[in-house]
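[1] pasting the structure only:
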């Protein structure tokens, strides 16, 4: 995942500096909607994977540190008291 980032950033900068993608024909004025569609799709997919991995690490750290213990106990208590439904 991280090895894709330099290539992706390089492509983004190349697009931004390419006069072909600029409404004025000047380098550095590229419009995102003029860059290749696959570039945006690749950037979106990369960020989604990056964000999901970051979220997973944070949850794992929180569980290991006991930060979710009170919430888990509250949920189990609600279950024992019959305050949960299966929908």
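    Arrived safely, thanks for sending. Since we're looking at a predicted model, the values are computed, not measured.
[2] So, low pLDDT: which residues of the protein?
    1-40 (pLDDT under 70).
[3] Go through the chain and flag its longest helix.
    Using DSSP state H, we find that the single longest helix of the chain is helix 37-64.
[4] outside of the next helix or strand after that one, which residues touch it?
    Scanning forward in sequence from helix 37-64 by DSSP states H and E, the next helix or strand is helix 69-80. The contact list for helix 69-80, computed with C-beta atoms under 8 Å, 6 or more residues apart in numbering, reads residue 84. Any C-beta I mention is one placed from the backbone N, CA and C, and that applies to glycine too.
[5] List the buried residues of helix 69-80.
    Neighbour-count burial for helix 69-80, counted by 16 or more other C-beta atoms under 10 Å, picks out no residue.
[6] so it versus helix 37-64, what angle?
    Here helix 69-80 runs at an angle of 80 degrees relative to helix 37-64 (axes from the mean of the first three to the mean of the last three C-alpha atoms, to 10 degrees).
[7] Now do the longest helix of the chain: which elements does it pack against?
    helix 4-17 (3 or more C-beta pairs under 8 Å, 6 or more residues apart in numbering; DSSP states H and E).
[8] Tell me how many other residues crowd residue 45.
    By other C-beta atoms under 10 Å, 13 other residues sit near residue 45.
[9] and if you look at residue 62?
    13.
[10] Go ahead and confirm it touches residue 68.
    Yes: if you go by C-beta atoms under 8 Å, residue 62 and residue 68 touch, sitting 5.5 Å apart.
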